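Novice: Just the structure for this:
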Amino acid sequence: MRIGRVAAVALALLTAPALGLAQDAGTAAPDAAAPATAAPETPSADPGTLLMQSPVLTIDPDRLFTGSKFGQRVEQEYGEHARKLADENRRIEADLTAQEKDLTERRAKLAPEEFRKLADAFDAKVEGIRAAQAAKSSDLDSQREVERKRFLQIALPILGDLVRETGAVAILNTQAIFLAFRGIDVTDRAIQRIDDKIGDGAQLEPAPGGDTTPTPDAAPGTPAPAPDIAPLTPPAAPDAGTAPAVPGN
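Specialist: The predicted structure follows:
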């Protein structure tokens, strides 16, 4: 059957509800399925080979990112910048401590009004520096998140190819599934394909205007997602105090 039958089906990469495929522990056959968090089975020689055919595949988005060359580069760069910022903060702290000590020692020689002006100016300086350093930290975290979203956008058409080739209709987030066959996980297969396609991504240019959607200039040769395959919109959060529905109850 042609994969076009999945016109309304999409890839649930980030947040997917526990569908009917997630079984209660009491009803699952003990030798048929295992929790997604269980120790992995002995992998096949080729990480791109599915251990079983299924209309639904699973993927670990976090491991997809951190296990890829792209994600490892981003995390390495983030760590380097974070360490530099921490060193800068320590130098600033030492300098401000010395200034505070000097101001305290001069207090006895200054008129109260003059000391108060100097103290107020010092406090304002400290607050300004604190705000500036906090902004640097926030910008660093924001850039990391932008790169993560950009990676998922670039990975989307590659995951779409996996859906077509395997005859599946959806990829679900492993973190949203209570029980599943390990043989339907395609995380390693996707990592291998993404690495082959874009490497660590250092050669890619950011999309114009801060948009994280890959463009022909940003990702040469990367196909656009097919119109019948796209990420699902995350479900709305339940109202406070309302218990989530449990499948099968």
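Novice: Only C-alpha atoms from now on, for both contacts and neighbour counts.
Specialist: OK.
Novice: mind showing which ranges of the chain have poor pLDDT?
Specialist: The chain contains residues with pLDDT under 70 at 1-52, 205-249.
Novice: which SS class is the closest residue to Gly71 other than its chain neighbours?
Specialist: Nearest non-adjacent residue to Gly71, counting by CA to CA, 6 or more residues apart in numbering: Phe65, 4.8 Å away. At Phe65, secondary structure determined by DSSP: H, G, I helix; E, B strand; the rest coil is helix.
Novice: Phe65: neighbour count?
Specialist: For Phe65, the neighbour count with other CA atoms under 10 Å is 22.
Novice: Distance check, it against Gly199.
Specialist: Distance check for Phe65 against Gly199: by CA to CA, to the nearest Å, it reads 12 Å.
Novice: try Arg148
Specialist: Arg148 sits 15 Å away from Gly199, going by CA to CA.
Novice: quick one, which of the two is more surrounded?
Specialist: Arg148 (19 against 16).
Novice: so after the helix or strand harbouring the more buried one, what's the next helix or strand?
Specialist: Assigned by DSSP states H and E, Arg148 belongs to helix 112-166. Following helix 112-166 in sequence order, the next helix or strand is strand 170-173 (DSSP H and E).
Novice: mind listing what that next one pairs with, with the direction of each?
Specialist: strand 56-59 (parallel) (DSSP bridges).
Novice: CA atoms only for the partner strand, dumped as PDB, please.
Specialist: Only the C-alpha atoms of strand 56-59 are listed here, as PDB (Å, rounded to 0.1, in the frame of the first residue of the first chain):
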ATOM      1  CA  VAL A  56       4.900   2.600  14.400                       C
ATOM      2  CA  LEU A  57       8.500   3.400  15.100                       C
ATOM      3  CA  THR A  58      10.100   5.000  18.200                       C
ATOM      4  CA  ILE A  59      12.900   7.500  18.700                       C
END
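Novice: Outside of it itself, list whatever touches it.
Specialist: Leu13, Ala168, Val169, Ala170, Ile171, Leu172, Asn173, Thr174, Ile184, Asp185, Val186, Thr187 (CA atoms under 8 Å, 6 or more residues apart in numbering).
Novice: residues of it that come out buried?
Specialist: When burial is assessed from 16 or more other CA atoms under 10 Å, strand 56-59 yields the following buried residues: Val56, Leu57, Thr58, Ile59.
Novice: which two from those end up farthest apart in space?
Specialist: Checked with CA to CA, the buried residues of strand 56-59 reach their widest spread between Val56 and Ile59, with 10.3 Å between them.
Novice: Packing partners of the helix holding Arg148?
Specialist: Judged by 3 or more CA pairs under 8 Å, 6 or more residues apart in numbering; DSSP states H and E, the packing partners of helix 112-166 are helix 61-66, helix 69-106, helix 187-198.
Novice: Arrange those in JSON lines, one row each, with distance to Ala119 as further columns.
Specialist: Formatted as JSON lines, the helices and strands packed on helix 112-166 follow (distance: least, CA to CA, whole Å):
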{"stretch": "helix 61-66", "distance to Ala119": "47"}
{"stretch": "helix 69-106", "distance to Ala119": "8"}
{"stretch": "helix 187-198", "distance to Ala119": "55"}
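Novice: out of those, which comes closest to Ala132?
Specialist: helix 69-106 (10.7 Å).
Novice: Now do the buried residues in the closest one.
Specialist: By neighbour count on 16+ other CA under 10 Å, the buried set for helix 69-106 is 69-71, 73-75, 78, 82, 85, 89, 92, 96, 103.
Novice: Reformat the residues you listed as JSON lines; add distance to Phe178.
Specialist: Shown next, in JSON lines, are the buried residues of helix 69-106 (distance: CA to CA, whole Å):
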{"residue": "Lys69", "distance to Phe178": "29"}
{"residue": "Phe70", "distance to Phe178": "29"}
{"residue": "Gly71", "distance to Phe178": "26"}
{"residue": "Arg73", "distance to Phe178": "31"}
{"residue": "Val74", "distance to Phe178": "30"}
{"residue": "Glu75", "distance to Phe178": "29"}
{"residue": "Tyr78", "distance to Phe178": "32"}
{"residue": "Ala82", "distance to Phe178": "35"}
{"residue": "Leu85", "distance to Phe178": "40"}
{"residue": "Asn89", "distance to Phe178": "43"}
{"residue": "Ile92", "distance to Phe178": "48"}
{"residue": "Leu96", "distance to Phe178": "52"}
{"residue": "Leu103", "distance to Phe178": "61"}
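Novice: Thank you kindly, that will do.
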